[in-house]
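Asks: Quick one, fold the following:
(one chain, ligands or ions: 1)
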Amino acid sequence: MNEFTAVCIHCKSNFNVPAENNGKLMKCTECNKKFIARNLQYKESNMPQKQIPTQTVPNRYVATVQIKTKQNRMERVFLSGGLIGALTTNPKSAIEGKIKILNTQGWNCRQILPHGTHNLFITIVQTIILVCTLGLWTFGGGYLLLFEKEVN
Ligand SMILES: [Zn+2]
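Replies: Residues are numbered from 1 along each chain as shown. Next up, the predicted model:
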């Protein structure tokens, strides 16, 4: 026959009561007050163990940030002047050709700027060459191409 020790909540008297009286209303023989007999030992031993989380920091919240830096590159497209330049130079195809070559290397064209000289000496030399070649050829202006590339 199973018994457990019930404690009166009013006078703290101990009683041995049958197991089936667990959780039932009892009358204390000492103070004549009513209390609910509870088998505390039984309850404690049958309490579910607290689940201890094995992983306190969920790794799904860990994010990696990849920082990409951009590289720039300046390229010049030279165009010929004079009669030969006027007849043979096609600025559009010259620029396109340059961009195509650099695209294969991973560079993207961001900006195209006309590149002329504002230096009087250069202009004089250009003119002298033009005169010496009887107006056939001189070095001319061109374009500046700004390229950009993403680098890991
Ligand atoms: Zn009592």
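Asks: contacts and neighbour counts: CA atoms only from here.
Replies: Fine.
Asks: Provide the count of other residues in contact range of the nearest residue to Pro91 once chain neighbours are set aside.
Replies: Nearest residue to Pro91, sequence neighbours excluded (CA to CA, 6 or more residues apart in numbering): Leu79, at 7.2 Å. Using other CA atoms under 10 Å, Leu79 has 20 neighbouring residues.
Asks: What segments of this protein are strands?
Replies: Taking DSSP state E to define them, one finds strands in the chain at 3-7, 14-18, 25-27, 34-36, 69-81, 108-115, 138-151.
Asks: Which residues of this structure lie near the ion?
Replies: 8, 11, 28, 30-31 (CA under 5 Å from the ion).
Asks: Could I get the CA-only coordinates of stretch 6-15 as CSV?
Replies: Output of stretch 6-15 as CSV, limited to C-alpha atoms (Å, rounded to 0.1, in the frame of the first residue of the first chain):
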residue,chain,number,x,y,z
ALA,A,6,0.8,15.2,3.3
VAL,A,7,1.4,18.5,5.0
CYS,A,8,-1.4,20.7,6.4
ILE,A,9,-1.0,24.2,4.9
HIS,A,10,-2.4,25.7,8.1
CYS,A,11,-0.6,24.1,11.0
LYS,A,12,2.2,22.3,9.0
SER,A,13,1.3,18.9,10.6
ASN,A,14,2.4,15.8,8.7
PHE,A,15,0.1,12.9,7.9
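Asks: ok, back up a step: could the strands of the chain go into TSV alongside mean pLDDT?
Replies: Formatted as TSV, the strands of the chain follow (pLDDT from 0 to 100):
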stretch	mean pLDDT
strand 3-7	87
strand 14-18	88
strand 25-27	90
strand 34-36	91
strand 69-81	85
strand 108-115	88
strand 138-151	86
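Asks: State the distance from the nearest residue to Asn16 once chain neighbours are set aside to the ion.
Replies: Nearest residue to Asn16 in three dimensions, chain neighbours excluded: Thr5, at 4.7 Å (CA to CA, 6+ apart). Distance, Thr5 to the ion, by CA to the ion, to the nearest Å: 13 Å.
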